[in-house]
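Q: can't give you the sequence, but here's the structure:
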């Protein structure tokens with residue numbers, strides 16, 4: 001069942017940087033995207049069209065999209081929580097819009113003050129408008145392996161959200177372990193349930209490494225034939241629900257795993273490490289990727 005090729009979506013420029021407290025220059029964000037595509041990434045989550053009041057780090061969304069030197073064959077996606085966000089995405093000529101819904105009622109109520117069903121209905125006009133403009137819609141099912149407020153999330157609850165998202169016309173479903181509590185057995189249960197509803201080519205995994213399980217969970221998905229995953233260069237993006245914990249799995253670590261299995265990604269690991277080292281230097285810290293740090297430690301010091 002192991003795939004021979006895997007597609008990675010680098011979410012570092014958006015999901016990775018959005019919670020950084022220090023201002024990050026637009027030019028640095030654009031340079032990161034350029035370095036990612038130069039490394040061979042063909043799916044890049046570039047920015048988010050949300051209110052700068054709530055996510056000030058993404059306030060330069062239009063400038064970032066305008067500044068990218070686009071490469072043929074690369075898809076640039078953006079997060080769009082509502083129609084106003086979609087209008088910004090359309091003006092910026094995004095290739096794909098990303099929407100999201102929680103598998104936990106407690107999380108949905110706590111974060112966006114509405115039920116899961118209400119949140120998904122709000123996305124219906126976004127999906128319709130995207131399709132009317134020949135744009136793909138990718139959806140993330142957050143808290144699919146656990147919730148910081150209610151704890152365990154049932155497989156049935158995840159499947160219900162997947163069905164609802166498909167009902168409004170979503171093209172792709174990503175199962176997200178938002179707080180990084182998932183383990184391989186549980187991940188397989190959730191993914192096997194989702195596979196009954198979603199074509200394999202349109203199902204992906206998004207794993208956080210809070211408990212050090214992300215690569216194990218990805219391997220469990222590979223055994224099921226799943227071949228699309230989100231990852232974040234340099235492990236950008238902490239877990240806001242576990243103080244000091246690692247967040248998104250590092251793209252470098254995933255690529256090292258996949259290449260070791262003989263699975264093709266189209267990604268140049270050394271150039272990817274360079275991209276991660278670049279943005280980490282901008283942020284004033286080491287990459288959160290173990291693979292990146294191991295490779296960087298072997299390179300001669302630049303005097």
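A: Sure thing, it's come through. It should be emphasised that the depicted structure is a prediction, and the values quoted were computed from it without experimental measurement.
Q: need the strands for the stretch 101-250 of the chain, in chain order.
A: Ranges of strands in the stretch 101-250 of the chain, per DSSP state E, counting those that start in this stretch, are 136-142, 172-177, 203-207, 228-231.
Q: those strands into JSON lines, with extra columns for distance to residue 42 and mean pLDDT?
A: (Each C-beta comes from the backbone N, C-alpha and C, glycine too.) Listed next are the strands of the stretch 101-250 of the chain as JSON lines, based on distance: least, Cβ to Cβ, whole Å; pLDDT from 0 to 100:
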{"stretch": "strand 136-142", "distance to residue 42": "14", "mean pLDDT": "97"}
{"stretch": "strand 172-177", "distance to residue 42": "15", "mean pLDDT": "98"}
{"stretch": "strand 203-207", "distance to residue 42": "14", "mean pLDDT": "98"}
{"stretch": "strand 228-231", "distance to residue 42": "11", "mean pLDDT": "98"}
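Q: can you tell me which of those is nearest to residue 38?
A: In terms of Cβ to Cβ, the element of the strands of the stretch 101-250 of the chain nearest to residue 38 is strand 228-231, at 16.9 Å.
Q: continuing past that closest one, what's the next helix or strand?
A: Later in the chain than strand 228-231, the nearest helix or strand by DSSP states H and E is helix 251-260.
Q: show me the contact partners of whichever helix or strand comes after that following helix.
A: Per DSSP H and E, the first helix or strand lying C-terminal to helix 251-260 is helix 269-283. Contact partners of helix 269-283, identified using Cβ atoms under 8 Å, 6 or more residues apart in numbering, comprise 12, 17, 20, 22, 24-25, 28, 31-32, 35-36, 38-41, 233-236, 250-252, 255-256, 259, 286-287, 289, 291-292, 295-296.
Q: what do you get for stretch 207-226?
A: Against stretch 207-226 from outside (Cβ under 8 Å, 6+ apart): 1-3, 6, 176-185, 187-188, 191-192, 195, 200, 203-205, 229-230, 235, 239, 242, 245-250, 253-254, 257, 261, 263.
Q: related to what we said a few turns ago, let's have the strands of the stretch 101-250 of the chain in CSV, adding distance to residue 80.
A: As requested, these are exported to CSV (distance: least, Cβ to Cβ, whole Å):
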stretch, distance to residue 80
strand 136-142, 9
strand 172-177, 14
strand 203-207, 17
strand 228-231, 17
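Q: got those strands as JSON lines, with mean neighbour count and distance to residue 61 columns?
A: Below are the strands of the stretch 101-250 of the chain laid out as JSON lines (neighbours: other Cβ atoms under 10 Å; distance: least, Cβ to Cβ, whole Å):
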{"stretch": "strand 136-142", "mean neighbour count": "24", "distance to residue 61": "17"}
{"stretch": "strand 172-177", "mean neighbour count": "24", "distance to residue 61": "21"}
{"stretch": "strand 203-207", "mean neighbour count": "25", "distance to residue 61": "21"}
{"stretch": "strand 228-231", "mean neighbour count": "24", "distance to residue 61": "19"}
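Q: for the ones you listed, which one sits closest to residue 165?
A: Among the strands of the stretch 101-250 of the chain, the nearest to residue 165 by Cβ to Cβ is strand 136-142 (4.6 Å).
Q: which neighbours in the sheet does the closest one have, and how are they oriented?
A: Strand 136-142 pairs in its sheet with strand 96-102 (parallel), strand 172-177 (parallel), by DSSP bridges.
Q: would CSV of the ones you listed with distance to residue 271 be doable?
A: Converted to CSV, the strands paired with strand 136-142 look like this (distance: least, Cβ to Cβ, whole Å):
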stretch, distance to residue 271
strand 96-102, 23
strand 172-177, 25
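Q: which one of these lies nearest to residue 67?
A: Closest among the strands paired with strand 136-142, using Cβ to Cβ: strand 96-102, at 18.6 Å.
Q: centre of the chain to that closest one, how far?
A: 10 Å (Cα atoms, centre = their mean, to the nearest Å).
Q: pLDDT score assigned to residue 17?
A: Per-residue pLDDT puts residue 17 at 96.
Q: same deal with residue 269?
A: Model confidence at residue 269 (pLDDT) stands at 98.
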